[in-house]
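K.L.:
here is a sequence with its predicted model. Questions after.
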Amino acid sequence: MKLIGDFPWGKMTRVGVAVCLFSLIVPLIIGILWGPYFNDHTYATFHSVRDWVIGREWSQTGELPLDTPLYLLALTFWAKLGISLPYAALIFSMLGWGVVAIAICHAGIVTNHPIVAVIGTVLVVTDPLIIATLGTEVSWTVAWAWIAIVALLQKRWRAQTVAMVLMLYTHFDVCTLILAVLLLIIQGFVRREFPLWPSLILAVVGLGLGAVLVWHFAYPVTYFWVGLVSGPPNSQQFPNGGDLQWLFFLFACMGLLTFLAANWRSSAIRRIVIAGLVWVIFSILSGSTVVQVMIATLVSGFVGFGIEHMLQWLKTRNTITNYLALTFLVGLPLVIAQISPLVWLYQHRPVNYQLLERQAGDWLRAHSETTATVFASERVGYFASRPTQVWNGSPSDPASLVVLLQMLSASPPACLLYTSPSPRD
């Protein structure tokens with residue numbers, strides 16, 4: 001069963017076009033239905049970018065997203081065009097998620113695993129982690145990583161190098177840097193020679209971005225390792241998907257064991273698996289959202305491997321009549337397990353709370369001086385378009401409160417606004 005021709009570098013079949021449209025449209029629908037209900041950190045980035053574009057001194061306590069230069073460039077472009085940053089970032093991030101699904105689909109086709117392509121694509125575009133990437137560069141970072149993997153499978157070394165460089169420029173931290181090095185090592189195993197030029201290019205990019213962050217913009221060296229101390233973030237809470245969630249674990253384990261049984265005799269595969277396992281363990285400890293999404297997409301691929309292995313086993317025993325129909329029959333419970341958390345999250349969006357903050361920001365913009373400092377949350381400061389001393393009303397330890405009071409005493413804000421989210425939201 002051939003779904004795609006030589007996408008993305010060659011001619012595509014009609015079914016391939018349909019798969020691409022499906023992969024792009026479904027995330028867009030999810031994003032548009034969800035709306036720009038991002039966390040405060042995302043709105044802080046929007047606020048800083050807009051202040052930078054209009055020449056105003058940065059109003060946030062943080063910095064511009066200098067570790068994501070390509071995303072910063074896109075935000076700056078939209079801001080200069082006068083486009084609403086939340087909605088533009090929403091659509092941009094969802095298009096990136098669609099590219100992730102297309103790349104995974106193509107990886108399945110290139111390796112002659114059509115069921116992996118079908119199941120992986122459907123599971124990826126309905127993954128609850130899609131909500132965690134709204135308005136951020138995460139989806140495009142993972143998309144470039146998967147494009148690099150597809151280029152590796154097709155032995156297109158220049159395309160892989162370009163994809164790895166774009167991945168680092170989209171989101172640079174220790175996890176993406178190690179992933180790029182790992183892909184470079186795999187390229188050396190496949191080519192059976194040291195990839196000199198790709199290594200030099202990645203070294204220049206990595207050292208350049210690292211030096212800019214550490215020295216010129218005063219990022220501390222510990223910035224890259226803070227996740228190892230603080231642990232995974234807890235910014236999103238996801239339900240478990242109900243009683244069907246165990247199917248993911250079952251098929252993913254089956255797919256992983258099938259893959260290892262078929263390829264373990266190869267010394268290169270063993271080295272790759274060990275190196276990948278080290279990266280996964282290290283990355284999980286870092287708590288990076290990029291890593292969470294990347295691992296989730298890998299799990300979707302292994303789920304496809306497990307389903308394909310089961311269908312092949314049934315086919316050899318003449319217990320299967322329609323290969324494609326049974327594929328969707330098996331995959332349907334998995335899709336339901338994916339969609340149910342999305343429905344739950346959609347019903348519990350902080351719509352009223354964020355609408356209140358937007359109305360407060362609009363009121364402050366209309367009834368305060370442009371130079372007035374606002375003491376409020378990141379989101380209020382963005383919609384008010386005023387210099388902001390940030391506080392979201394979250395509990396703080398006494399030492400932090402003392403620092404906050406000292407800051408307010410030294411530079412009293414012109415406006416103070418405190419909104420507290422209701423448990424009913």
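P.N.:
Happy to help now that I have it. Treat the numbers as computed from the prediction; the structure is a model and nothing was measured.
K.L.:
when you work out contacts or count neighbours from here on, use the C-alpha atoms and nothing else.
P.N.:
Will do.
K.L.:
how many residues are close by Val165?
P.N.:
When neighbours are defined as other C-alpha atoms under 10 Å, Val165 has 22 of them.
K.L.:
ok, now which ones touch it?
P.N.:
Leu202, Val205 (C-alpha atoms under 8 Å, 6 or more residues apart in numbering).
K.L.:
from Phe189, how far off is it?
P.N.:
Remark: distance between Val165 and Phe189 (C-alpha to C-alpha, to the nearest Å) = 20 Å.
K.L.:
swap in Trp52?
P.N.:
The value you get for Trp52 to Phe189, if C-alpha to C-alpha is used, is 45 Å.
K.L.:
one more: Pro27?
P.N.:
From Pro27 over to Phe189 the distance is 35 Å, taken as C-alpha to C-alpha.
K.L.:
equivalent analysis for Tyr71, please.
P.N.:
With distances defined as C-alpha to C-alpha, the gap from Tyr71 to Phe189 amounts to 32 Å.
K.L.:
between these two, which one's more packed in?
P.N.:
Taking Tyr71 and Phe189 together and counting by other C-alpha under 10 Å, Tyr71 has the greater number of neighbours (23 against 17).
K.L.:
buried sites along the helix or strand where that one lies?
P.N.:
Secondary structure assignment for Tyr71, by DSSP states H and E: helix 69-80. Of all the residues in helix 69-80, those buried under the rule 16 or more other C-alpha atoms under 10 Å are Pro69, Leu70, Tyr71, Leu72, Leu75, Thr76, Ala79.
K.L.:
please tell me how far the second one sits from Tyr353.
P.N.:
Applying C-alpha to C-alpha, the value for Leu70 to Tyr353 is 31 Å.
K.L.:
do the same with the first one
P.N.:
Counting by C-alpha to C-alpha, the gap between Pro69 and Tyr353 amounts to 31 Å.
K.L.:
equivalent analysis for Gly361, please.
P.N.:
As it turns out, when the distance is counted by C-alpha to C-alpha, Gly361 lies 12 Å from Tyr353.
K.L.:
next: Ile178.
P.N.:
Separation of Ile178 from Tyr353 (C-alpha to C-alpha): 39 Å.
K.L.:
how about Leu260?
P.N.:
49 Å.
K.L.:
show me where the stretch 251-400 of the chain has its helices.
P.N.:
Ranges of helices in the stretch 251-400 of the chain, per DSSP state H, counting those that start in this stretch, are 267-286, 289-316, 323-347, 351-367, 378-384, 398-410.
K.L.:
what's the fifth one packed up against?
P.N.:
Read that as helix 378-384. When contacts are defined as 3 or more C-alpha pairs under 8 Å, 6 or more residues apart in numbering; DSSP states H and E, helix 378-384 sits against helix 40-53, helix 351-367, strand 388-390.
K.L.:
let me know the average pLDDT across that helix.
P.N.:
In this model, helix 378-384 carries a mean pLDDT of 82.
K.L.:
and it, how far out from the chain middle?
P.N.:
Per C-alpha atoms, centre = their mean, to the nearest Å, the displacement of helix 378-384 from the mean C-alpha position of its chain is 24 Å.
K.L.:
quick one: Gly210 from Tyr37, how far?
P.N.:
The gap separating Gly210 from Tyr37 is 31 Å, by C-alpha to C-alpha.
K.L.:
no, scratch that, I was asking about Val291
P.N.:
22 Å.
K.L.:
compare these two (neighbour count), which wins?
P.N.:
Taking neighbours as other C-alpha under 10 Å, Val291 and Tyr37 compare with Val291 leading, 23 against 20.
K.L.:
hmm, who's touching the helix holding Tyr71?
P.N.:
By C-alpha under 8 Å, 6+ apart, the list of residues contacting helix 69-80 from outside reads 46, 49-50, 53, 64-66, 84-85, 88-89, 137, 169-171.
K.L.:
closest to Val99 among the residues you listed?
P.N.:
Nearest to Val99 among the contacts of helix 69-80, counting by C-alpha to C-alpha, is Glu137 at 12.8 Å.
K.L.:
quick check on His348: phi, psi?
P.N.:
Main-chain dihedrals, His348, degrees, to the nearest 10: phi -110, psi 30.
K.L.:
and it, how far is that from Tyr37?
P.N.:
The gap separating His348 from Tyr37 is 11 Å, by C-alpha to C-alpha.
K.L.:
how far off centre is the host helix or strand of Val19?
P.N.:
Per DSSP H and E, Val19 falls inside helix 14-34. For helix 14-34, the distance between its averaged C-alpha position and the chain's averaged C-alpha position is 17 Å (C-alpha atoms, centre = their mean).
K.L.:
residues touching Ala117, list them.
P.N.:
Ala117 touches Ile104, Cys105, His106, Ala107, Gly108, Ile109, Gly301, Gly304, counting by C-alpha under 8 Å, 6+ apart.
K.L.:
what's the weakest-modelled helix or strand in this structure?
P.N.:
The element with the least model confidence among the helices and strands of the chain, by mean pLDDT, DSSP states H and E, is helix 226-230, at a mean of 38.
K.L.:
just checking, Val299 touches Ala252?
P.N.:
Yes: judged on C-alpha atoms under 8 Å, Val299 makes contact with Ala252 at a distance of 6.1 Å.
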